[in-house]
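1. My questions are about this predicted structure, shown below with the sequence.
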Protein chains: 2
Amino acid sequence: MGEAIERAKLAKNAAPSLARAGAGDRSQAIRSAAEAVSQAMGAIVEANYRDMARGREDGLPAPLLDRLLLDESRVKGIVDAMLAVADQPDPVGVVLGGSTLPNGLRLEKVSVPLGVVAIVYEARPNVTADSIALCLRSGNACVLRGGSAARESCAAIAAACRSGVAKAGMDPELIQLIASEDRADAVELMHATGIVDALVPRGGAGLIATCVRESTVPVIETGTGNCHIYLTESADPAMARDIVVNAKCQRPGVCNAAESLLVDASAAEGLLGAVLPALSGRGVELVGDDLARRVARDLGIAMGEATDEDWATEYLDLKMSVKCVSGADEAIAHINRYGTHHSEAIVTSEYALAERFLADVDAAAVYVNASTRFTDGGVFGLGAEIGISTQKLHARGPMGAAELTTSKYLVRGDGQTR
Amino acid sequence: MGEAIERAKLAKNAAPSLARAGAGDRSQAIRSAAEAVSQAMGAIVEANYRDMARGREDGLPAPLLDRLLLDESRVKGIVDAMLAVADQPDPVGVVLGGSTLPNGLRLEKVSVPLGVVAIVYEARPNVTADSIALCLRSGNACVLRGGSAARESCAAIAAACRSGVAKAGMDPELIQLIASEDRADAVELMHATGIVDALVPRGGAGLIATCVRESTVPVIETGTGNCHIYLTESADPAMARDIVVNAKCQRPGVCNAAESLLVDASAAEGLLGAVLPALSGRGVELVGDDLARRVARDLGIAMGEATDEDWATEYLDLKMSVKCVSGADEAIAHINRYGTHHSEAIVTSEYALAERFLADVDAAAVYVNASTRFTDGGVFGLGAEIGISTQKLHARGPMGAAELTTSKYLVRGDGQTR
């Protein structure tokens, strides 16, 4: 039995105490953990400094280093997110429905914690704190396995949270961080049926595919975002430019950044004329189809040839593919084929096209005339988020504390039989 | 590419037409399918007769034959269940929430169909009709793979439904029944990521375990029911007897039937004295622990020795295990260890024990002073049911049409960037 199972069992044993605690106690535990993180600021930033140094040595690409970085202001952001979760309404014990059956049975459906939630993630240390806060909020114990590139940062944050939770009089074993970087430990966690109630992988396509394939524990797929912006003939060029530049460049290493640009061929010259120079000026590497490349050449902008693989790739970097389409039919079909059902946007001034895009695109969040970058638990009002579900079961889009609960029917009778 | 994938693709192509149809069209399609089943009554009963004859030849146990049987009254029941689903409120397009964000973005969360739902089941032909009705209601195309023992019954029902749907002007390809009995076809279906959106296995523990292990498509675990009745010292003996007999004997082949009886040791003589003769009189085979066997011997009732395997077994037959416990702690721990998180009941007159059992037992439905047999979509007011989820993600307990939808964020903006 490896470390992962040991830790999962510790979490499972601790979980009922948190489920039974009141909403106030859970809030207090989160607040106390946030305070401990705040007090450990120096140690956390130092630990992150060591992770960053190692990351640079190992040649991590710039967007991944950006995800890894924790400076004082980002740690403050983490603390604020935790405090926001502490102030959220408690999602446990909510009566979701119920009725009295004709035979007199009183049926009540209430929300209850999942039990033990495992989160497997990569080099984003803030996921450690977000996961802990949301699991405490929802009455769940958590088992965390972060990426090795962020190991010191994650350990410093988890240690602070455990001490904060203990200070609030709760069991620190509610929070488990797996130190082992052995792949076998991750696999063990994925097979911990009966101990782990749900597994949330957060990270790149490879990590998520592994979890989906390997796991016998129910998985919530998150995050891979091959997001598109579709510019229709009637799009306002300036709005198109601002939205595309924002969606691609504001933080290219995150899942709701856009990776692919679709443009009505009939308006390719005008729209690409507005958009491509702005992208190029931000240092975005471009690949495209024949028409897009011709327009780019006329603009004096370099654009490589896009392959079928490009259409399916989440670059997570300053790179974008560009495709000209014959209209909404082709654009929607392309998105539903190559997209990852995360966030998709149309820029248009036609009402009917906007409504059709909203209805027919198969994604967690579909936008009209706005950047895909808004798909986020914080922005959507959930406080922090445990991830962005790109699957259809259980939760879709940003997941907050409520998405970490399940339900239970309580049935009170007086001797009823069928 | 085998039959399963071919059919899944046909379903996927047909699905958008149903999602786009209005609630009234979906109701009409279900009504028309129900009428077609009613008109095909003779053919369905005849097909079932052939399945039953083969089942008897193959030596299927009595409870499985009972599940397989379709007489005129059961077909009428199937038609009525379909008509009830046709009259249900449509679960698609429901606005589940929303807000206007500070930056002016209008956020709307609406319910949408899952897309393609695959149902893999065993020898219960009514599952064919229930699944079709609920998938039509929720805007989903369905791919059905029934057990070979029910092959002719399922084919007759599916054919009737397809013709009914076509008569209502909808695409009959929305309903796909896999004829192949090749195991490879079932496995192919479990790996149809991107085509099948959710897989619902309905059947025995073996089938469900295979789906959970094999499937890369998200699975909703259903049905295995190792359900307990716990009689506390203060239980009314007559009520205890009636509930245990009902939960064990009224339809022993179904998942919400009780399999195991727990009794406070301090009251074992009186309570078992009331319950065991009634069970024995109904022909229930009993196994138990030492104390239970001593009480049974004194009553002149045969009781074998229960093994650890018995505590974990869903007999689905007229057989029950009996264990004496030292109190609620031991009973709840035993249920959470050996149960399948389906339906669990306590019979007691003590308020505090009842509330504690409701809170601490980890199951989809927890009962006080009532039979576990009530856990059912029809009884709970969902019309028909697609299964009873025993997992915690997405849905828990009986699943109706609403549980076959997911959600989508529609975000309308005016050029917002982050």
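-> Right, received. Where do you want to start? Everything numeric in this text was worked out from a predicted model, so none of it was measured.
2. Tally up the residues packed near residue A:96, please.
-> 12 (other CB atoms under 10 Å in any protein chain shown). Every C-beta, even on glycine, is put in place using the N, C-alpha and C of the backbone.
3. cool, residue A:84 as well?
-> 16.
4. Does it lie in a helix or a strand, and which?
-> Assessed by DSSP states H and E, residue A:84 sits inside helix A:72-87.
5. so what pLDDT did residue A:145 get?
-> Here, the pLDDT recorded for residue A:145 equals 94.
6. what does residue A:312 give?
-> Predicted confidence (pLDDT) for residue A:312: 96.
7. Secondary structure class of residue A:184, three-state.
-> For residue A:184, the assignment made with DSSP: H, G, I helix; E, B strand; the rest coil gives helix.
8. From residue A:399, how far out is the residue in the stretch 1-150 of chain A positioned nearest to chain B?
-> Residue nearest to chain B within the stretch 1-150 of chain A (CB to the nearest CB): residue A:114, separated by 5.2 Å. Using CB to CB, to the nearest Å, we find residue A:114 at a distance of 12 Å from residue A:399.
9. With adjacent residues omitted, what lies nearest to residue A:139?
-> Among residues not flanking residue A:139 along the chain, residue A:113 sits closest, at 3.3 Å (CB to CB, 6 or more residues apart in numbering or on different chains).
10. can you map out the helices along the stretch 301-418 of chain A?
-> Taking DSSP state H, counting those that start in this stretch, the helices of the stretch 301-418 of chain A run over residues A:308-311, A:328-338, A:351-360.
11. buried set for the last one?
-> The reference is to helix A:351-360. Judged by neighbour count using 16 or more other CB atoms under 10 Å in any protein chain shown, the buried positions of helix A:351-360 are A:353-354, A:356-360.
12. Direction included, what does whatever helix or strand comes next after the helix holding residue A:84 pair against?
-> In the C-terminal direction, the helix or strand that comes right after helix A:72-87 (DSSP H and E) is strand A:95-100. Looking at strand A:95-100 with DSSP bridges, its partner strands are strand A:106-113 (antiparallel).
13. tell me the mean pLDDT over the helix or strand following the strand it pairs with?
-> Using DSSP H and E, the helix or strand that follows strand A:106-113 towards the C-terminus is strand A:116-121. Averaging pLDDT along strand A:116-121 yields 95.
14. Against which helices or strands is strand A:116-121 packed?
-> Strand A:116-121 is packed against helix A:3-20, helix A:126-137, strand A:141-145, helix A:183-190, strand A:198-202, helix A:205-214, with contacts defined by 3 or more CB pairs under 8 Å, 6 or more residues apart in numbering or on different chains; DSSP states H and E.
15. if we go to 7 Å?
-> helix A:3-20, helix A:126-137, strand A:141-145, helix A:183-190, strand A:198-202 (3 or more CB pairs under 7 Å, 6 or more residues apart in numbering or on different chains; DSSP states H and E).
16. Would you mind pulling the contact partners of the very next helix or strand once past the longest one?
-> Secondary structure here is assigned by DSSP H and E; on that basis, the next helix or strand after helix A:3-20 toward the C-terminus is helix A:23-39. For helix A:23-39, the surrounding residues in contact (CB atoms under 7 Å, 6 or more residues apart in numbering or on different chains) are A:18, A:44, A:78-79, A:82-83, A:85-86, A:90, A:129, A:132-133, A:136-137, A:139, A:157, A:160-161, A:163-165, A:167-168, A:170.
17. that older thread, please see if the helix holding residue A:84 touches chain B.
-> No - looking at helix A:72-87 against chain B by CB under 7 Å from any CB of the partner chain, there are no contacts, and the closest approach is 14.6 Å.
18. what's the angle between that helix and helix A:23-39?
-> Helix A:72-87 runs at 170 degrees relative to helix A:23-39, counting by axes from the mean of the first three to the mean of the last three CA atoms, to 10 degrees.
19. Can you classify the residue of the stretch 101-250 of chain A found nearest chain B by secondary structure?
-> Closest approach between the stretch 101-250 of chain A and chain B, counting by CB to the nearest CB: residue A:246, at 3.6 Å. Classification of residue A:246 using three-state DSSP returns helix.
20. Could you pull up the contacting residues of it?
-> With CB under 7 Å, 6+ apart, residue A:246 has these contacts: A:371, A:373, B:417-418.
21. Now for those, which sits with the most neighbours around it?
-> Most surrounded of these: other CB under 10 Å gives residue A:371, at 30 neighbours.
22. Next one: that one from residue A:239, what distance?
-> In terms of CB to CB, residue A:371 sits 10 Å off from residue A:239.
23. sorry, back to before: ramachandran angles for the residue nearest to the residue of the stretch 1-150 of chain A closest to chain B when sequence neighbours are not counted?
-> Residue nearest to residue A:114 in three dimensions, not counting chain neighbours: residue A:197, with 4.4 Å by CB to CB, 6+ apart. Phi and psi for residue A:197, reported as degrees, to the nearest 10, are phi -90, psi -30.
24. correct me, but residue A:197 touches residue A:112?
-> No - contact criterion CB atoms under 7 Å: residue A:197 and residue A:112 do not qualify, at 10.8 Å.
25. higher neighbour count, the two?
-> residue A:197 (25 against 21).
26. who's in contact with the more buried one?
-> A:114-117, B:392.
27. switch to 10 Å and redo it
-> A:12, A:15, A:113-118, A:140-141, A:217-218, A:404, A:406, B:362, B:391-393 (CB atoms under 10 Å, 6 or more residues apart in numbering or on different chains).
28. Residue A:359 and residue A:243, how far apart?
-> Distance from residue A:359 to residue A:243, by CB to CB: 21 Å.
29. typo on my end, residue A:69
-> Residue A:69 is 26 Å from residue A:243, by CB to CB.
30. I'd say residue A:41 and residue A:76 touch.
-> Yes - counting by CB atoms under 10 Å, residue A:41 touches residue A:76, with 8.1 Å between them.
31. more neighbours, those two?
-> Set side by side, residue A:41 and residue A:76 show more neighbours around residue A:41, with 17 against 13, by other CB under 10 Å.
32. check contacts around the more buried one.
-> With CB under 10 Å, 6+ apart, residue A:41 has these contacts: A:70, A:72, A:75-76, A:78-79, A:156, A:160.
33. Show me which of these is closest to residue B:382.
-> Nearest to residue B:382 among these, counting by CB to CB, is residue A:78 at 42.2 Å.
34. what's around the closest one, how many residues?
-> Neighbours of residue A:78 (other CB under 10 Å): 24.
35. Could you verify my assumption that it touches residue A:131?
-> No - the criterion here is CB under 10 Å, and residue A:78 misses it with residue A:131 at 11.4 Å.
36. what is in contact with the two at once?
-> A:157, A:384.
37. returning to that earlier point: among the buried residues of helix A:351-360, which are within reach of chain B?
-> Counting by CB under 10 Å from any CB of the partner chain, A:354, A:357-360 from the buried residues of helix A:351-360 sit close to chain B.
38. Turn the residues you listed into a markdown table, columns for pLDDT and distance to residue A:267.
-> Output for these, formatted as a markdown table (pLDDT from 0 to 100; distance: CB to CB, whole Å):
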| residue | pLDDT | distance to residue A:267 |
| --- | --- | --- |
| A:354 | 98 | 16 |
| A:357 | 98 | 16 |
| A:358 | 97 | 21 |
| A:359 | 95 | 23 |
| A:360 | 94 | 21 |
